[in-house]
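Participant: Here is a sequence with its predicted model. Questions after.
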Amino acid sequence: MWTRVFASICTAFVLWGPALAGDMIRGLTITGGRNANATLKLERVNDPGADSGVLKIHVSVAQTDDLKGYGFSFQYDPVKYEFVNATELEGNLLKSGSGQETLFLSSNLTPGQVDIGAVKIDGQGVSGDGKLVELVFRTSGTPVSSDFQVSESVLVGVDGAVDMLHHAEIGNLKPLPDRFSLEQNMPNPFNPSTAIGYQLPEAGMVRLAIYNLIGQEVRVLVNERRNAGTFTATWDGTDALGRRVASGVYLYRIQAGSFSATRRMLLLK
């Protein structure tokens, strides 16, 4: 639920408040500005202190230019999720620079929808990337990205220009793993390819490689920094030069920080 209130600080900007049913853009002129390519991102927060039925989502924005305010509607399944609250994050993007408070509003008057809006009140704009808001839900099920949708998103520049936000990314909302692990490949035995799953409770460098039984490295599947999460790597039974390897037993080993583990697998032809 939102209504528009206009104020003048050299130029007009838009403010949203909970009084009108869920149509944030009705009557709003989309003039276009410097934030047409900005991206809204939603990611689950791994909070060890939260109970298993709590889902915390951080909303951030990237590639902004002289941003003054924002508004968006966030839809979810009201049968599976119960909205708890929405709060601005400490040090959020709009508070950067001057550090002054913003005018922040949230509304959950429409079932299955949260409306969020905020505006800087110091007459300045901000640019770059940064977090905005934390959304908290309760749920008895496993959260999945397809349960949520962002709509009616607008960004307001310090010059009063209004952009529709066309780019929204909803990350993996499943609980993050609480420990490192290397799973048994599936299928096993395999031909011609197999999947190797692994879990990372924290971000860091990851190296996953295949070896033969005499310890010679056959193929490196992963050698890069990865965020916390659950991942799968696929081996197609070829070496580093793309040649098919012989049937037999192979080892695969992961190194992630101080964690390392090795498992065996069988390639049949």
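Facilitator: Looks like it came in fine. Residues are numbered from 1 along each chain as shown.

Participant: Would you mark the buried spots in the lengthiest strand in the chain?
Facilitator: In the chain, with assignment by DSSP state E, the single longest strand is strand 54-76. For strand 54-76, a neighbour-count test (16 or more other C-beta atoms under 10 Å) marks 55, 57-61, 64-76 as buried. From N, CA and C alone the C-beta is placed, and that goes for glycine too.

Participant: average pLDDT across it?
Facilitator: Strand 54-76 comes out with an average pLDDT of 92.

Participant: Stretch 225-241 now?
Facilitator: 93.

Participant: Only C-alpha atoms, please: export that stretch in CSV.
Facilitator: In CSV, the C-alpha atoms belonging to stretch 225-241 read as follows (Å, rounded to 0.1, in the frame of the first residue of the first chain):
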residue,chain,number,x,y,z
ARG,A,225,37.0,-18.6,-5.1
ARG,A,226,33.5,-19.7,-4.3
ASN,A,227,30.8,-18.2,-2.0
ALA,A,228,29.3,-20.3,0.7
GLY,A,229,26.7,-22.7,-0.6
THR,A,230,26.1,-26.1,-2.2
PHE,A,231,27.7,-26.8,-5.5
THR,A,232,28.1,-29.6,-8.1
ALA,A,233,31.0,-30.2,-10.4
THR,A,234,30.8,-32.6,-13.4
TRP,A,235,33.5,-34.9,-14.7
ASP,A,236,33.1,-36.2,-18.2
GLY,A,237,35.9,-38.8,-17.9
THR,A,238,38.5,-36.8,-19.8
ASP,A,239,41.9,-35.5,-18.8
ALA,A,240,43.3,-32.0,-19.0
LEU,A,241,43.9,-32.3,-22.7
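
Participant: hey, C-alpha coordinates of stretch 164-176 in PDB?
Facilitator: Taking Å, rounded to 0.1, in the frame of the first residue of the first chain, the C-alpha atoms of stretch 164-176 are listed here in PDB:
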ATOM      1  CA  MET A 164      11.700   1.600 -13.400                       C
ATOM      2  CA  LEU A 165      14.000  -1.100 -12.100                       C
ATOM      3  CA  HIS A 166      14.000  -3.900 -14.700                       C
ATOM      4  CA  HIS A 167      16.700  -6.100 -13.200                       C
ATOM      5  CA  ALA A 168      16.000  -8.100 -10.000                       C
ATOM      6  CA  GLU A 169      18.000 -11.100  -8.900                       C
ATOM      7  CA  ILE A 170      16.800 -13.600  -6.300                       C
ATOM      8  CA  GLY A 171      19.600 -15.800  -5.000                       C
ATOM      9  CA  ASN A 172      19.500 -19.300  -3.600                       C
ATOM     10  CA  LEU A 173      17.300 -19.100  -0.500                       C
ATOM     11  CA  LYS A 174      17.900 -22.600   0.800                       C
ATOM     12  CA  PRO A 175      19.700 -22.700   4.200                       C
ATOM     13  CA  LEU A 176      23.500 -22.400   3.800                       C
END
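
Participant: Would you mind pulling the contact partners of that stretch?
Facilitator: The contact list for stretch 164-176, computed with C-beta atoms under 8 Å, 6 or more residues apart in numbering, reads 25, 30, 35-44, 46, 52, 55, 57, 70, 72, 142-145, 147-150, 153-155, 201, 228-230.

Participant: Just the buried ones among the residues you listed, please.
Facilitator: 25, 35-36, 38, 40-44, 55, 57, 70, 72, 143, 147-148, 150, 153-155, 201, 229.

Participant: What strands flank the longest strand of the chain, and is each parallel or antiparallel?
Facilitator: Sheet pairing of strand 54-76 (DSSP bridges) gives strand 39-44 (antiparallel), strand 113-120 (antiparallel), strand 126-139 (antiparallel), strand 148-157 (antiparallel).

Participant: Please name whichever of the ones you listed is nearest to residue 265.
Facilitator: Closest approach to residue 265 among those (C-beta to C-beta): strand 39-44, 31.5 Å.

Participant: Show me how far that closest one is from its chain's centre.
Facilitator: Centre-to-centre, strand 39-44 and its host chain are 4 Å apart (C-alpha atoms, centre = their mean, to the nearest Å).
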